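> Sequence first, predicted model second:
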Amino acid sequence: MKKLFLIGLFGAVCLSACKKAVELTYQSPDNIYFDFTDPKDEEKRVDSFFYSFALFPEKSFDTILLPVRISGMRKPVDRKFKLTVIDSATTAVAGTHYKALEPEYIIPADSGTAKVPIIIYSKDPALLAGAVKIKLRLAATKDFAVSTVEFDTAKVIFSNRLEQPVWWNTWASELGAYSRVKHELFIRTSGTIELPAAFNAEVLPKTLYHTRRFRSFLNDPISWVAANPSEGYTVEDIGGGKYNFFSITNPEKKYVLELNPADNKYYFRDENGNRIV
């Protein structure tokens, strides 16, 4: 009888412990965090995403996908999490620079990850002068806690501006003097967004293809547009010996071509008003 009593007591203790474990499981929601890694070093964690619309002239908006991950159990139901904007660390304006955040986002059923779409816009002329920033923080919900504070924020930094790359000087004999407008036109027409930073015989043929394609465009932009319809650019006669050059998919971003009667050629002007040659 004593032995049976002990077995019964042991069973009751086990049932009580199991019940507490089950209660604890349901009282402690899984955790969610940003899952950024450095593309150059997967062991290194980063918290920022940098973007320039100047590299993508055909786009008036784009979507940045921010990866999030859970630490905990996957479940066979959709679960919700939230993002908030940290106003004190944000310079971007909702509606002008980015689409306002959704009230909630979803971790799909049976999944441990999701990608949050942040839609950004290029329309503000101020982006030509400098970058704006959105700083975001994950917020707790009934489905997820946010307990890993070092991974609970993310920054999206973007502009519509270019800076002189190190490779420009390497190929200055082909490209000529640098300007931001010239750099933008290079990206639009050369067939590449960058050149090798160092000169060697192996990279020379491909580099010359891109630089001479760009020189051909500058020499006669109107003929280049006519000869390359698949590139998606057009010219628009605005009178007075001037044309607008722009991407069909992003007509808000225009570059003015102006006739120079001295040599009967058309030229763009850079940000300082100088002819681009």
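Thanks, I have it.
> Apart from its neighbours in sequence, what residue is nearest Ile32?
Counting by Cβ to Cβ, 6 or more residues apart in numbering, Ile32 lies nearest to Phe144, which is 4.1 Å off, once chain neighbours are set aside. Any C-beta I mention is one placed from the backbone N, CA and C, and that applies to glycine too.
> Against Gly72, how distant is the one you found?
Look at Phe144 and Gly72: by Cβ to Cβ, to the nearest Å, they are 8 Å apart.
> rewinding a little: over to the residue nearest to Ile32: give its phi and psi.
The phi/psi pair for Phe144 (degrees, to the nearest 10) reads phi -140, psi 140.
> neighbour-wise, which of Phe144 and Gly72 wins?
The residue with more neighbours, out of Phe144 and Gly72, is Phe144; 23 against 15, by other Cβ atoms under 10 Å.
> domains for the protein, by residue range?
The record's domain split for the chain, according to automatic domain parsing, is 30-159, 166-267.
> just how off-centre is the first one within its chain?
So that's domain 30-159. 10 Å (Cα atoms, centre = their mean, to the nearest Å).
> can you start the count at 8 instead of 1 from here on
I'll keep to 8 as the first residue from here, and by that count the last item is domain 37-166.
> What's the mean pLDDT across that domain?
When pLDDT is averaged along domain 37-166, the result is 91.
> okay, the domains of the chain in a markdown table with distance to Gly280 next?
Listed next are those as a markdown table, based on distance: least, Cβ to Cβ, whole Å:
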| stretch | distance to Gly280 |
| --- | --- |
| domain 37-166 | 15 |
| domain 173-274 | 10 |
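> out of the ones you listed, which comes closest to Arg282?
Arg282 lies closest to domain 173-274 among the domains of the chain, at 4.3 Å (Cβ to Cβ).
> And that closest one, end to end?
Start-to-end span of domain 173-274 (Cα to Cα, to the nearest Å) is 26 Å.
> How far off centre is that domain?
24 Å.
> hang on, the earlier thing: closest to Asn281 out of the domains of the chain?
The nearest among the domains of the chain, by Cβ to Cβ, is domain 173-274 at 7.3 Å.
> so where do the helices sit in the stretch 108-257 of the chain?
173-177, 179-182, 187-196, 211-226, 228-234 (DSSP state H, counting those that start in this stretch).
> what's the closest of these to Phe275?
helix 187-196 (6.5 Å).
> And that closest one, what's buried?
Neighbour counts over helix 187-196 (16 or more other Cβ atoms under 10 Å) mark 187-196 as buried.
> for the residues you listed, which one is nearest Glu181?
The closest of the buried residues of helix 187-196, once distances to Glu181 are taken by Cβ to Cβ, is Phe193, at 10.5 Å.
> what about the closest one, distance to Trp178?
10 Å.
> same question for stretch 192-201, mean pLDDT?
Average pLDDT, stretch 192-201: 94.
> CA atoms only: put that stretch into PDB for me.
Extracted C-alpha coordinates of stretch 192-201, given in PDB (Å, rounded to 0.1, in the frame of the first residue of the first chain):
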ATOM      1  CA  LEU A 192      24.100  59.200 -67.600                       C
ATOM      2  CA  PHE A 193      26.900  56.600 -67.500                       C
ATOM      3  CA  ILE A 194      24.800  54.200 -65.500                       C
ATOM      4  CA  ARG A 195      21.800  54.700 -67.800                       C
ATOM      5  CA  THR A 196      23.600  54.100 -71.100                       C
ATOM      6  CA  SER A 197      26.900  52.200 -70.600                       C
ATOM      7  CA  GLY A 198      25.400  48.800 -69.800                       C
ATOM      8  CA  THR A 199      27.000  48.600 -66.400                       C
ATOM      9  CA  ILE A 200      26.800  50.500 -63.000                       C
ATOM     10  CA  GLU A 201      30.500  50.200 -62.200                       C
END
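> quick one, strands of the protein?
For the chain, the strands defined by DSSP state E occupy 37-41, 55-59, 68-78, 86-92, 112-114, 120-128, 139-146, 151-152, 160-166, 240-246, 249-254, 257-267, 272-274.
> Now render those strands as CSV, adding distance to Tyr105.
Output for those, formatted as CSV (distance: least, Cβ to Cβ, whole Å):
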stretch, distance to Tyr105
strand 37-41, 17
strand 55-59, 11
strand 68-78, 9
strand 86-92, 9
strand 112-114, 15
strand 120-128, 5
strand 139-146, 6
strand 151-152, 23
strand 160-166, 8
strand 240-246, 27
strand 249-254, 21
strand 257-267, 17
strand 272-274, 36
